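**Student:** Need a 3D model of the following:
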Amino acid sequence: MEMHQVRYFLAVARVLNFTRAADECNVTQPSLTRAIKQLEAELGGDLFRRERPAAQLTELGQRMHPLLKQCYEAATGARELASSFKSGEVGALRIALTHSVDLALLIPHLDQIKRMFNRLEFRFLRGNAREIAEFLKKGEAELGIAAEIGEEWDRLDTWPLFTENFQLVVNKNHPLATRDKIDFSDLRAEQLLSRNYCEHGARVNASLREHGLDVDRSHEIASERDLIELLEADIGVAVVPDTASIPPTLKRASVEGLDARRTVNLYGVAGRERTAVASAVMRMLRGADWRQVVGNTAGA
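**Tutor:** So this is what the prediction gives:
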């Protein structure tokens, strides 16, 4: 089935006249009639009753009309979209982030990039470190952002963006929220909320364990949203990275002697062609001054 055959069929179905349909499609009537006969042969039956003065759709034609119209519109839309992508009028960004990376880090850059394209389509994927690597391998994402993927793949390009520390976060009504200085001894009686979805969660827990904290009895949390809700309910305290967004109901505090930090990286696949949007975002992220982002969250 050729798209020009479908176009001719839809034209005749609209005007119910082969001569007028041919004029509308800028072809001769014999060419239009021949194309429709080929379509009828492919579909196994007549689509029109060729009567005078007007052609009429057969039962097969009536049943096929909505399907062929949908098919033609989809093909036309696909061509227009492909043309827009090629000309740069439409951009698409497929980016994967681990659960522990805050999307707010990208918002200023996405705001800039959307001004470069008339239409911009985002697709954000979330997962753990292993899943981010799989998204990149399979081509489901062009770029990935994670603290650490840990994937030994020779085609994986890695660009460090920034390194940040971890801080304690508590409810603003918690007694520790008013303390200028917090020691590990202050945390031994506290219920810890463990961010197991963070790539560095195990390392943070190991550091806390070394200082005598019972992390094995902590509440295991599966998402940043759940963590925030539990903190707001004052059900526990948590150690989170500097760039994690927290609402005004919570307070950050430094813990003396806490040696925990992570480096957030940008990942791509070497040798794979990237869209114009992905290339622009990659340049923006690699050239950004992340010190302001990390510095502005400290002590919030």
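**Student:** Using PDB, write down the CA coordinates of stretch 117-134.
**Tutor:** Provided in PDB are the C-alpha atoms of stretch 117-134 (Å, rounded to 0.1, in the frame of the first residue of the first chain):
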ATOM      1  CA  PHE A 117      14.000  25.300  19.900                       C
ATOM      2  CA  ASN A 118      10.500  26.200  18.800                       C
ATOM      3  CA  ARG A 119       9.200  22.900  20.200                       C
ATOM      4  CA  LEU A 120      11.000  20.800  22.800                       C
ATOM      5  CA  GLU A 121      10.100  17.400  24.000                       C
ATOM      6  CA  PHE A 122      11.500  16.000  27.300                       C
ATOM      7  CA  ARG A 123      11.600  12.400  28.400                       C
ATOM      8  CA  PHE A 124      13.000  11.900  31.900                       C
ATOM      9  CA  LEU A 125      13.800   8.400  33.100                       C
ATOM     10  CA  ARG A 126      14.500   7.400  36.700                       C
ATOM     11  CA  GLY A 127      16.300   4.400  38.100                       C
ATOM     12  CA  ASN A 128      19.100   3.100  40.200                       C
ATOM     13  CA  ALA A 129      22.700   3.200  39.000                       C
ATOM     14  CA  ARG A 130      22.400  -0.100  37.100                       C
ATOM     15  CA  GLU A 131      19.200   0.900  35.400                       C
ATOM     16  CA  ILE A 132      20.800   4.200  34.300                       C
ATOM     17  CA  ALA A 133      23.600   2.200  32.600                       C
ATOM     18  CA  GLU A 134      21.000   0.000  30.900                       C
END
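**Student:** quick one: the helices in the stretch 101-250 of the chain?
**Tutor:** Assigned by DSSP state H, counting those that start in this stretch, the stretch 101-250 of the chain shows helices spanning 107-113, 129-137, 184-187, 201-210, 224-232.
**Student:** For residue 156, which of those is the nearest?
**Tutor:** Residue 156 lies closest to helix 129-137 among the helices of the stretch 101-250 of the chain, at 7.0 Å (CB to CB). (Each C-beta comes from the backbone N, C-alpha and C, glycine too.)
**Student:** Name the residues that touch the closest one?
**Tutor:** 96-98, 125, 127, 140-142, 144, 146-151, 153, 156, 199, 267-269 (CB atoms under 8 Å, 6 or more residues apart in numbering).
**Student:** picking up where we left off before, can you redo the helices of the stretch 101-250 of the chain as JSON lines with distance to residue 262 and mean neighbour count?
**Tutor:** Formatted as JSON lines, the helices of the stretch 101-250 of the chain follow (distance: least, CB to CB, whole Å; neighbours: other CB atoms under 10 Å):
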{"stretch": "helix 107-113", "distance to residue 262": "20", "mean neighbour count": "14"}
{"stretch": "helix 129-137", "distance to residue 262": "12", "mean neighbour count": "20"}
{"stretch": "helix 184-187", "distance to residue 262": "20", "mean neighbour count": "16"}
{"stretch": "helix 201-210", "distance to residue 262": "8", "mean neighbour count": "17"}
{"stretch": "helix 224-232", "distance to residue 262": "15", "mean neighbour count": "18"}
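**Student:** Great, nothing more from me.
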